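Q: just coords:
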């Protein structure tokens, strides 16, 4: 006898309900309602990023001059401000934790200020890491608090 004998098929159950209970739907993170910035109708962040991109491109063409390096630094700073704005809004709304990104900002700023004061590297690195750690812990606690408290 063949194993594919059609007369030996198993009878299907007549019930239309599934045999296994359905899984609960997966939780989909929805973005929180946008909290309007004080400059709301004006696209300040988008213009900042656009000017940053233009400064980076111009700075790349003027590589031999001091002005080119200044334009590069200005472009990177303006572009970073656009990302920082989005990260801050999402983090403090409880949507996503951006604690690592946000903690890097004061750490790098502290390292730059100490570096401009001509401090040795063995002082800069531990101070920068300490500022990063304190900022990370504080930002993570804020985000966890926002997760517990419904908006």
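A: Arrived safely, thanks for sending. Nothing here was measured: the structure is a model prediction, and the numbers come from that model.
Q: list the buried residues of the least confident helix or strand in the chain by mean pLDDT.
A: Every helix and strand of the chain was ranked by mean pLDDT, DSSP states H and E. The lowest is helix 66-92, at a mean of 89. Neighbour-count burial for helix 66-92 flags 71-72, 74-75, 78-80, 82, 84, 87, 89-92 (criterion: 16 or more other Cβ atoms under 10 Å). Bear in mind the C-beta positions are built from the backbone N, C-alpha and C, glycine included.
Q: can you name the next helix or strand after that helix?
A: Counting by DSSP states H and E, the element after helix 66-92 in chain order, helix or strand, is helix 99-116.
Q: contacts for that following helix?
A: For helix 99-116, the external contacting residues (Cβ atoms under 8 Å, 6 or more residues apart in numbering) are 83-84, 87-88, 91, 123-125, 127-129, 131-133, 135-136, 139-140, 143.
Q: stretch 138-145 now?
A: 91-92, 94, 97-99, 102-103.
Q: how is this structure carved up into domains?
A: Domain ranges of the chain: 42-92, 97-151, per automatic domain parsing.
Q: give me the buried entries from the contacts of helix 99-116.
A: Applying 16+ other Cβ under 10 Å to those flags 84, 87, 91, 124, 128, 131-132, 135-136, 139-140, 143 as buried.
Q: tilt between the least confident helix or strand of the chain and helix 99-116?
A: Angle, helix 66-92 to helix 99-116, by axes from the mean of the first three to the mean of the last three Cα atoms, to 10 degrees: 140 degrees.
Q: other SSEs contacting helix 66-92?
A: helix 44-61, helix 99-116, helix 121-148 (3 or more Cβ pairs under 8 Å, 6 or more residues apart in numbering; DSSP states H and E).
Q: how about the ones you listed in TSV, adding distance to residue 37?
A: Shown next, in TSV, are those (distance: least, Cβ to Cβ, whole Å):
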stretch	distance to residue 37
helix 44-61	7
helix 99-116	17
helix 121-148	18
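Q: please produce CSV containing these, extended by mean pLDDT and distance to residue 38.
A: Formatted as CSV, the helices and strands packed on helix 66-92 follow (pLDDT from 0 to 100; distance: least, Cβ to Cβ, whole Å):
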stretch, mean pLDDT, distance to residue 38
helix 44-61, 93, 9
helix 99-116, 94, 20
helix 121-148, 93, 21
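Q: got the contact list for the closest residue in space to residue 46 that isn't next to it in sequence?
A: What sits nearest to residue 46 in space, not counting adjacent residues and going by Cβ to Cβ, 6 or more residues apart in numbering, is residue 82, at 7.4 Å. Shown in contact with residue 82 (Cβ under 8 Å, 6+ apart): 45-46, 48-49, 52.
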